[in-house]
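K.L.:
I need the structure of the sequence given here:
(2 chains)
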There are 2 protein chains.
Amino acid sequence: MRIGIIGGTGREGRGLALRWARAGHSIVIGSRDAARAQEKARELGDRIEGGTNEDAARAGEVAVLTVPYAAHAETLRGLVDPLAGRILLDITVPLQPPKVSQVHLPEGGSAALEAQALLGPGVRVVAGLHHVTSAHLGDPDHAIDCDVLVCGDDEAAKSAVLGLVGDLGLRGLDAGVLRNSIALEALTPVLLYLNRKNKTNTGVRITGLP
Amino acid sequence: MRIGIIGGTGREGRGLALRWARAGHSIVIGSRDAARAQEKARELGDRIEGGTNEDAARAGEVAVLTVPYAAHAETLRGLVDPLAGRILLDITVPLQPPKVSQVHLPEGGSAALEAQALLGPGVRVVAGLHHVTSAHLGDPDHAIDCDVLVCGDDEAAKSAVLGLVGDLGLRGLDAGVLRNSIALEALTPVLLYLNRKNKTNTGVRITGLP
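P.N.:
Predicted structure coming up:
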């Protein structure tokens, strides 16, 4: 599959690109600065190319959004047309620096709900991957002790994303409707609090599953 | 320690009372109907007595609130004086039946934040125990594969509650400020969704801790 990563030159984007390329997908990492994305892509290796965020949005059936929350709405406003008809996996956590270990509820309840409102029904927004530490994601040989909770209102879109999560070497779990992104996004500040307090990288596992 | 459980005749209250009594604490389970609470207490056995919700609120340094969200504000409004100077452990999840597997954000962000606003600074509100299935809690011999995330703005109050969580046979973890109750409460509908979808009782574990 061809996957675009919007804002893909950051730590999350790098890890996702490396892991998906290793699983056989081809990746377009996008940036506001296409030259920078192309340079990054060359460093990362085979099956990864760089381009603009619009190139990433148009790359394939699924685009992934990984930008700081401060750039979330502005980035999406410029991509309404390129994203039309596609699946957007939004991994944004609406952190409010410097208080990143306290829950911050954005106006729309969650970043993913805001994305869906902004993009309209022509884009199927799915939310997930809020709890995996980017440090671990970026090392493709690092086994990650963390489940990936994925939510969305379109079952087929959610199912496609759950498949891609499996290709990262992670266990993806269907966490319900897109509205449940409120819970998933809000859990990240709690994990950041636990990280700081215990000087470690925490993750989350769902117990009791068959 | 003497612990009061407001609304203690429900499933959560029963489990908490049994486990804490076994750990050597003495318990007052409260109800709007004191006679019903006394009858329940007799069934449950030693070190457990029944009374009104006001009796439970006044019983000791820590009172636990376990009522349906629909009765949350009304119950607390009647207990402002009895709770003064104490710690309130609020385990309420603001579910909105029948859609209990979708996040519902109450007006104040979380039930625990609403409790703190309603009770004022004279009561130290701590939130926790949102993710443990009451079915498992009620069987004191059942090992529970679930961490208990606890948050609050008063460190001493949080510490006292973490001790009581340990006495239940569970691992309690400091999850930060009371505002983080938004995340903890919102996670329960996600677990209820996973329960329904997988026909099981799920829980949550934090990984990566020392």
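K.L.:
Next to chain B, which bits of chain A? Give me the list.
P.N.:
A:101-103, A:105, A:109, A:145-146, A:149, A:151, A:173-177, A:179-180, A:182-184, A:186-187, A:189-191, A:193-194, A:197-198, A:200-210 (Cβ under 8 Å from any Cβ of the partner chain). Backbone N, C-alpha and C define where each C-beta goes, glycine included.
K.L.:
Buried subset of the residues you listed, written for ChimeraX?
P.N.:
This is the ChimeraX syntax for the buried subset of the residues of chain A next to chain B, where burial follows 16 or more other Cβ atoms under 10 Å in any protein chain shown:
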select /A:101,102,103,105,109,145,146,149,151,173,174,175,176,177,179,180,182,183,184,186,187,189,190,191,193,194,201,202,203,204,205,206,207,208,209
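K.L.:
Sitting in helices, which of the residues of chain A next to chain B do you find?
P.N.:
A:182-184, A:186-187, A:189-191, A:193-194, A:197-198 (DSSP state H).
K.L.:
Can I get the helix or strand bottoming out on mean pLDDT in chain A in CSV? Just the C-alpha atoms.
P.N.:
Least confident helix or strand of chain A, by mean pLDDT, DSSP states H and E, is helix A:134-137 with a mean of 89. Taking Å, rounded to 0.1, in the frame of the first residue of the first chain, the C-alpha atoms of helix A:134-137 are listed here in CSV:
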residue,chain,number,x,y,z
SER,A,134,8.0,7.9,19.4
ALA,A,135,11.4,6.9,20.7
HIS,A,136,10.4,3.3,20.6
LEU,A,137,8.6,3.7,17.2
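K.L.:
Pretty sure A:Leu168 sits against A:Leu16.
P.N.:
Yes. Counting by Cβ atoms under 8 Å, A:Leu16 is a contact partner of A:Leu168 at 7.1 Å.
K.L.:
Now list whatever residues contact both of these two.
P.N.:
A:Leu137 (Cβ atoms under 8 Å, 6 or more residues apart in numbering or on different chains).
K.L.:
so where do the strands sit in chain A?
P.N.:
A:2-6, A:26-31, A:48-52, A:62-65, A:87-90, A:124-127, A:147-152, A:171-174, A:203-207 (DSSP state E).
K.L.:
Against A:Val123, how distant is A:Val100?
P.N.:
From A:Val100 across to A:Val123, the span is 28 Å (Cβ to Cβ, to the nearest Å).
K.L.:
Please apply the same query to A:Gly4.
P.N.:
Separation of A:Gly4 from A:Val123 (Cβ to Cβ): 13 Å.
K.L.:
More neighbours: these two, which one.
P.N.:
Shown here are A:Gly4 and A:Val123; by other Cβ atoms under 10 Å in any protein chain shown, A:Gly4 has more neighbours (27 against 23).
K.L.:
Please verify my assumption that the more buried one contacts A:Gly50.
P.N.:
No. Under the criterion of Cβ under 8 Å, A:Gly4 makes no contact with A:Gly50, lying 10.9 Å away.
K.L.:
Give me the common contacts of these two.
P.N.:
Shared contacts of A:Gly4 and A:Gly50, defined by Cβ under 8 Å, 6+ apart, comprise A:28-30.
K.L.:
Just put those in CSV and tack on pLDDT and neighbour count.
P.N.:
Below are the shared contacts of A:Gly4 and A:Gly50 laid out as CSV (pLDDT from 0 to 100; neighbours: other Cβ atoms under 10 Å in any protein chain shown):
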residue, pLDDT, neighbour count
A:Val28, 98, 26
A:Ile29, 97, 32
A:Gly30, 98, 33
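K.L.:
Could you find the closest non-adjacent residue to the most centrally placed residue in chain A?
P.N.:
The residue lying closest to the centre of chain A (Cα atoms, centre = their mean) is A:Ile91, at 3.0 Å. Counting by Cβ to Cβ, 6 or more residues apart in numbering or on different chains, A:Ile91 lies nearest to A:Leu129, which is 4.2 Å off, once chain neighbours are set aside.
K.L.:
Could you check the pLDDT of the one you found?
P.N.:
pLDDT, A:Leu129: 98.
K.L.:
For it, give its distance to A:Leu162.
P.N.:
11 Å.
K.L.:
and if you look at A:Gly10?
P.N.:
In this view, A:Gly10 and A:Leu162 are 23 Å apart by Cβ to Cβ.
K.L.:
try A:Arg14
P.N.:
22 Å.
K.L.:
Looking at those two, which is more packed in?
P.N.:
Using other Cβ under 10 Å, the more surrounded residue of A:Arg14 and A:Leu162 is A:Arg14, with 21 against 18.
K.L.:
nearest residue to the more buried one other than its sequence neighbours?
P.N.:
Nearest residue to A:Arg14 in three dimensions, chain neighbours excluded: A:Gly138, at 5.4 Å (Cβ to Cβ, 6+ apart).
K.L.:
what's the burial count for that neighbour?
P.N.:
A:Gly138: 17 surrounding residues under other Cβ under 10 Å.
K.L.:
and if you look at the one 4 residues further on?
P.N.:
In terms of burial, A:His142 registers 14 neighbours under the definition other Cβ under 10 Å.
K.L.:
Name the nearest residue to it, ignoring sequence neighbours.
P.N.:
Using Cβ to Cβ, 6+ apart and skipping the chain neighbours, the partner closest in space to A:His142 is A:His136 (4.8 Å).
K.L.:
Next up, the contacts around that neighbour.
P.N.:
A:15, A:142, A:144, A:146, A:201.
K.L.:
Thought A:Leu191 was touching the fourth one, still the case?
P.N.:
Which is A:Cys146. No. Counting by Cβ under 8 Å, A:Cys146 stays clear of A:Leu191, with 9.2 Å between them.
K.L.:
who touches both of these two?
P.N.:
Common neighbours of A:Cys146 and A:Leu191 (Cβ under 8 Å, 6+ apart) are A:131, A:203-204.
K.L.:
Of those, just say which sits nearest to A:Val80.
P.N.:
Ranked by distance to A:Val80 (Cβ to Cβ), the shared contacts of A:Cys146 and A:Leu191 are led by A:His131 at 28.3 Å.
K.L.:
where does the closest one fall, phi/psi-wise?
P.N.:
Main-chain dihedrals, A:His131, degrees, to the nearest 10: phi -120, psi 0.
K.L.:
Cheers, nothing more for now.
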